[in-house]
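K.L.:
coords please:
(one chain, ligands or ions: 2)
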Amino acid sequence: MLVIDIRKTLKLNSEVEASLFPSGLQTFPAPAKLNLFLHVVGRRADGYHLLQTTFRFIDFSDRLAFTVRSDGIIKVMNPLSDLPEVDNLCTRAAKLLRDRSGKTLGVEIYLHKQIPMGGGLGGGSSDAATTLIVLNRLWGINWDRARLMMLGLELGADVPVFIYGENAFAEGVGEKLTQLALPPAWYVVLTPPVHILTADIFACKELTRNTIPIKISAFSMGAGHNDLEPVAARMQPIVGDWLQWLKQQPGTSKVGMSGSGACLFAEFPEASSALKVFERIPVDMCGFMAKGLAEHPLLHF
Ligand SMILES: C[C@@](CO)(OP(=O)(O)O)[C@H](O)COP(=O)(O)OP(=O)(O)OC[C@H]1O[C@@H](n2ccc(N)nc2=O)[C@H](O)[C@@H]1O
Ligand SMILES: Nc1ncnc2c1ncn2[C@@H]1O[C@H](COP(=O)(O)OP(=O)(O)O)[C@@H](O)[C@H]1O
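P.N.:
Numbers count the residues shown, from 1 in each chain. Ligands and ions are numbered 1, 2, ... in the order given. This next block holds a predicted model:
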């Protein structure tokens, strides 16, 4: 993980991070994702949109720790402001796993958020996935990944890929996954200070819903855009403005919005070119730099 400039980056150093958890407790990462492209190719009878997208994990993560309780109580020890504990995806994931597995154990969950909430980086889904992956072991359930993924899908369309653990080409609502070997890449991610609700963007009349499906090979050749991007830019003009700034930077192989936004990214094949752009971020913009991961850090946990 690269920590360069506290003013511009949301990353904390490891000493600060260690002070946020009870000493001696093992901590687990919940990495962010980027959607390198996102096409809306249709709609299901229940209103959910059919997508094609590529998920890439990046080394920018929330961190979680867990203490098993014997009394069945599930508790987030440091609740998120403005989010009732029952709605926290960690609580919901733990309860779902406890109830479906028939286990009577509980857990205290420590959550250190770093990923901006509701920014299209999948932080909540990743927290849910890490909770399922770790409690599956700590509670001695030991279901296989496929079964955990099906459970995760009940919590949100983005949860299964974080359990799958490989960068992936995704179809359906994001649950039909094909492993993708992506080349090393570095990202400058901008985090506009606005929230766009996923549900609002999918509900927008102007959204293109009939992009012609592509083959994985076309994505490998560089095809792909984000159908949600023009809708987001219309809802929040800052999205278009900051995107324009990223597009003007040299050395980038791809620029786009992640998921339903509002976070934006520029991809670079070299760390040095990413760093140059990161250092040039104007004072009235904010963001961070991250490395693309080859796989989820808990893939073999
Ligand atoms: C767009 C994507 C791309 O990765 O991510 P985000 O940008 O939100 O992270 C995902 O498909 C989002 O997945 P997730 O954030 O889990 O969304 P959900 O909670 O399942 O859905 C929120 C709401 O958005 C709408 N929705 C979501 C996904 C989808 N394929 N079609 C939809 O129409 C539905 O109205 C749904 O009630
Ligand atoms: N642990 C969590 N972290 C972040 N958001 C959460 C969490 N639990 C529930 N949520 C809810 O899920 C919404 C989407 O969260 P997030 O995954 O960060 O964004 P996105 O879906 O845009 O990538 C948040 O706005 C919040 O209301």
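
K.L.:
Pull up the distance across stretch 255-269, start to finish.
P.N.:
12 Å (CA to CA, to the nearest Å).

K.L.:
in it, what's buried?
P.N.:
Neighbour-count burial for stretch 255-269, counted by 16 or more other CB atoms under 10 Å, picks out 255-268. For every residue, glycine as well, the C-beta is placed using N, CA and C.

K.L.:
next one: stretch 114-121
P.N.:
114-116, 118-121.

K.L.:
if we take those, which one ends up nearest to ligand 1?
P.N.:
Lowest distance from ligand 1 to those (CB to the nearest ligand atom) belongs to G120, with 3.7 Å.

K.L.:
For T131, see how far away the residue nearest to the closest one when sequence neighbours are not counted is.
P.N.:
Of all residues not flanking G120 in the chain, G259 sits nearest, at 3.5 Å (CB to CB, 6 or more residues apart in numbering). Look at G259 and T131: by CB to CB, to the nearest Å, they are 20 Å apart.

K.L.:
Report the helix or strand with the lowest average pLDDT across the chain.
P.N.:
For the chain, using mean pLDDT, DSSP states H and E, the weakest element among its helices and strands is helix 14-18, scoring a mean of 65.

K.L.:
in the stretch 151-300 of the chain, which spans are strands?
P.N.:
168-171, 176-179, 186-190, 254-257, 264-268, 287-291 (DSSP state E, counting those that start in this stretch).

K.L.:
from the stretch 151-300 of the chain, which residue is nearest to ligand 1?
P.N.:
Closest point on the stretch 151-300 of the chain to ligand 1, by CB to the nearest ligand atom, is G259, at 2.1 Å.

K.L.:
Do I have it right that that residue meets L38?
P.N.:
Yes. Counting by CB atoms under 8 Å, G259 touches L38, with 6.5 Å between them.

K.L.:
between the two, what contacts are shared?
P.N.:
53, 228 (CB atoms under 8 Å, 6 or more residues apart in numbering).

K.L.:
Endpoints of stretch 182-201, how far apart?
P.N.:
28 Å.

K.L.:
Just read off the phi/psi values of the residue most central in space within the chain.
P.N.:
For the chain, the residue sitting closest to the mean C-alpha position, by CA atoms, centre = their mean, is G122 at 2.5 Å. When read as degrees, to the nearest 10, the backbone of G122 gives phi 70, psi 20.

K.L.:
For it, which non-adjacent residue is closest in space?
P.N.:
Nearest one to G122, counting by CB to CB, 6+ apart, is K33 at 4.3 Å.

K.L.:
where does that neighbour land in three-state SS?
P.N.:
Under DSSP: H, G, I helix; E, B strand; the rest coil, the three-state class of K33 is strand.

K.L.:
And it, what's its pLDDT?
P.N.:
Per-residue confidence at K33 stands at 98 (pLDDT).

K.L.:
Tell me the spacing between it and K291.
P.N.:
According to CB to CB, K33 and K291 sit 14 Å apart.

K.L.:
Compare those two and say which is more crowded by neighbours.
P.N.:
Shown here are K33 and K291; by other CB atoms under 10 Å, K33 has more neighbours (28 against 17).

K.L.:
The longest helix belonging to the chain - contacts with which helices or strands?
P.N.:
The longest helix of the chain (DSSP state H) is helix 123-138. Packing partners of helix 123-138 (3 or more CB pairs under 8 Å, 6 or more residues apart in numbering; DSSP states H and E): strand 27-43, strand 49-69, helix 89-101, strand 106-112, helix 145-153, helix 159-164.

K.L.:
what about 6 Å?
P.N.:
Counting contacts by 3 or more CB pairs under 6 Å, 6 or more residues apart in numbering; DSSP states H and E, helix 123-138 packs against strand 27-43, strand 49-69, helix 89-101, helix 145-153, helix 159-164.

K.L.:
Nearest to ligand 1 among these would be which one?
P.N.:
strand 49-69 (3.6 Å).

K.L.:
What is the subsequent helix or strand relative to the closest one?
P.N.:
Scanning forward in sequence from strand 49-69 by DSSP states H and E, the next helix or strand is strand 74-76.

K.L.:
Can you list the strands that that following strand pairs with?
P.N.:
strand 106-112 (parallel) (DSSP bridges).

K.L.:
could I get the partner strand in CSV with only the CA atoms?
P.N.:
Extracted C-alpha coordinates of strand 106-112, given in CSV (Å, rounded to 0.1, in the frame of the first residue of the first chain):
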residue,chain,number,x,y,z
GLY,A,106,-22.4,-14.8,18.0
VAL,A,107,-19.6,-12.4,17.2
GLU,A,108,-18.2,-8.9,18.0
ILE,A,109,-17.2,-7.2,14.8
TYR,A,110,-14.7,-4.4,14.6
LEU,A,111,-14.9,-2.5,11.4
HIS,A,112,-12.5,0.2,10.2
